[in-house]
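**Student:** structure for this input, please:
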Amino acid sequence: MEPSTFHEVQRFRQTWIWALTLLLCVVPVGVMLWGVYQQLVLGKPFGDNPMSDRGMIVLTVVVVIIVGGIVWMVGFSSLTTEVSSRGIRVRFSPFHRKWREFRTDEIEEVKVGKYRPIAEYGGWGLRMGLKGWAYNVSGNQGAENRFRSGKNLLIGTQKPSELALALSGMGIKVLRDGRS
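**Tutor:** Residues are numbered from 1 along each chain as shown. Model (predicted):
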């Protein structure tokens, strides 16, 4: 592995994402725990058609595991981008087990600058939008790679100037917000 000229690791750190994640997780866990308390401790059946005590416990454990997995996934997801003389490498953990590599000779040009994450790609994460695939975690800055094959790939960044400098150093035509 040769040394990279650009390296960036991004994580989901936006307050609104964590607030939404926790809200969507606390509600089902809270309902399940209330149901367990009501049915097992107070002895009152939970709901109009209550399940068995064993079923209630199993379902609660399953819900807690699923919710824990969601919180873990948001907390430990990361987008790593590297640029070297060979090209661009990205990995969106834990979704990509291996690096996605794009060779320099495959890239026609890269537009570095602002984009509209929701309007163009439907938000953040691994996305397929009208313009192609996007790997983004936060913000509205990115590198839109146009390949010789005609495909596009947007890679979000919090360091657009550094990324543009690394890409131009590879001999790739870099446009800044639509300009050379």
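**Student:** going forward, measure contacts between C-alpha atoms and count neighbours the same way
**Tutor:** OK.
**Student:** next, the residue nearest the centre of the chain: phi, psi?
**Tutor:** In the chain, the residue lying closest to the centroid (CA atoms, centre = their mean) is Gly125, at 3.0 Å. Backbone torsions for Gly125, taken as degrees, to the nearest 10, come to phi 120, psi -150.
**Student:** and the pLDDT for it?
**Tutor:** pLDDT recorded at Gly125 is 85.
**Student:** make 748 the first number, not 1, from now on.
**Tutor:** All right, first residue 748 from here; so that's Gly872.
**Student:** that one against Tyr882, yeah?
**Tutor:** Yes: using CA atoms under 8 Å, Gly872 is in contact with Tyr882, at 5.8 Å.
**Student:** so where's the chain shaky on pLDDT?
**Tutor:** 748-751, 925-927 (pLDDT under 70).
**Student:** for this structure, which helix is longest?
**Tutor:** What stands out as the longest helix in the chain, according to DSSP state H, is helix 800-823.
**Student:** can you list the strands that whichever helix or strand comes after that helix pairs with?
**Tutor:** The helix or strand immediately downstream of helix 800-823 is strand 825-831, counting by DSSP states H and E. Strand pairing for strand 825-831, determined by DSSP bridges: strand 753-758 (antiparallel), strand 834-840 (antiparallel).
**Student:** got those strands as TSV, with distance to Pro792 and mean neighbour count columns?
**Tutor:** Below are the strands paired with strand 825-831 laid out as TSV (distance: least, CA to CA, whole Å; neighbours: other CA atoms under 10 Å):
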stretch	distance to Pro792	mean neighbour count
strand 753-758	43	16
strand 834-840	43	20
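**Student:** now render those as a markdown table, adding distance to Pro775.
**Tutor:** What follows is the strands paired with strand 825-831, written out as a markdown table (distance: least, CA to CA, whole Å):
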| stretch | distance to Pro775 |
| --- | --- |
| strand 753-758 | 25 |
| strand 834-840 | 26 |
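**Student:** how about the ones you listed, which one is nearest Ala911?
**Tutor:** Nearest to Ala911, of all those, is strand 753-758, at 9.5 Å by CA to CA.
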